[in-house]
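Q: let's see this in three dimensions:
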Amino acid sequence: MIVLLSSVLLISACGSDAKKAADSKAPVVKKEATLATEESKTLYAMGFMLAQPVASFDFSTSESENLGQGFRDGILNKNPKVAAADYQLQVQQLAQERATRGMAKEKQASNEFVAAQAALENAETSESGLVYFELTAGEGAQPAATDRVTVHYHGTLRDGTVFDSSVDRGQPATFGLNQVIPCWTEGVQKIKVGGKSRLICPSDIAYGDRGSPPKIAGGAALVFEVELISIEQS
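A: Numbers count the residues shown, from 1 in each chain. I've put the predicted structure just below:
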């Protein structure tokens, strides 16, 4: 329930304005939040981040208005219009239904994305569904699944949204190759030291139907550009 209600930090203002419009039956121009100070920007960022776990639930405008009204009443300590405790089961059911629906939608779109990538020139597709592009040929050794590797990587969603990047942090990452998602275990073994490749990872060999909230939705395909810096053999 807390996760679900937290999403309306971003939309709570809209819910209040929409209710006023319905009551008066007169057109109301909804005002965007004024982000003139660092504090207001921080609060907006907090609301946006809290919304991410349920961003894939595809709430309609009217649903967002109900959510916004409930959140605003709660945060302002107003008397609830319904007994929230009596709706815990319904909230859990709604969250599960929306998560399942969102996952199916994302998985279909991701599968189409992976298929389109596999059809591109120079794409190599393995039995697991991994789509592999060599960007820069390496000249060193190739790691085994049991080795530790040091890499630079840049991870994005299918729409290009960055969810993790050692490149952006300016610090290479070191890890056991058998301690990461299957796409990495398989794909990085194809890279020679000094080489760089792009890995297109279907959800089945990434984070699966559960995803890795809040940044990676269930069913999401992932894209990584990986540069292999060194190998520490087991």
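Q: give me the low-pLDDT residue ranges for this protein?
A: In the predicted model of the chain, residues 1-32 satisfy pLDDT under 70.
Q: tell me how it divides into domains.
A: As assigned by automatic domain parsing, the chain contains the domains 2-81, 107-232.
Q: residues contacting residue 162?
A: Contacts for residue 162 (Cβ atoms under 8 Å, 6 or more residues apart in numbering) come out as 154, 155, 156, 168. Glycine gets a C-beta too; all of them are placed from N, C-alpha and C.
Q: confirm the second one sits in a strand?
A: Yes - per DSSP: H, G, I helix; E, B strand; the rest coil, residue 155 lies within a strand segment.
Q: which non-adjacent residue is nearest it?
A: Distances taken as Cβ to Cβ, 6 or more residues apart in numbering put residue 164 closest to residue 155, at 4.4 Å, once the chain neighbours are dropped.
Q: tell me the SS of that neighbour?
A: Recorded secondary structure, residue 164: strand (three-state DSSP).
Q: what about the helices in the chain?
A: In the chain, the helices defined using DSSP state H lie at 2-6, 12-24, 38-51, 61-75, 88-118, 166-169, 182-188.
Q: how close does residue 50 sit to residue 212?
A: Distance of residue 50 to residue 212, computed by Cβ to Cβ, to the nearest Å: 17 Å.
Q: before we move on, back to that, out of the helices of the chain, deepest packed?
A: With neighbours taken as mean count of other Cβ atoms under 10 Å, these reach their highest mean count in helix 182-188, at a mean of 22.
Q: got a list of contacts for it?
A: Residues outside helix 182-188 that contact it (Cβ under 8 Å, 6+ apart): 126, 128, 130, 132, 143, 145, 149, 151, 177-178, 197, 199, 201-202, 205-206, 222, 224, 226, 228.
Q: ok, now with 6 Å
A: With Cβ atoms under 6 Å, 6 or more residues apart in numbering as the test, helix 182-188 has contacts from 130, 132, 145, 177, 178, 199, 201, 205, 206.
Q: out of those residues, what pair is the most spread apart?
A: With Cβ to Cβ as the measure, no two of those lie farther apart than 132 and 178, at 18.6 Å.
Q: of these two, who's got more company?
A: Shown here are residue 132 and residue 178; by other Cβ atoms under 10 Å, residue 132 has more neighbours (20 against 14).
Q: is it true that the more buried one touches residue 123?
A: No - the criterion here is Cβ atoms under 6 Å, and residue 132 misses it with residue 123 at 7.2 Å.
Q: ok, back up a step: how close does the residue nearest to residue 155 sit to residue 42?
A: From residue 164 to residue 42 the distance is 23 Å (Cβ to Cβ).
Q: kindly report the same for residue 104.
A: Relative to residue 42, residue 104 is positioned 35 Å away (Cβ to Cβ).
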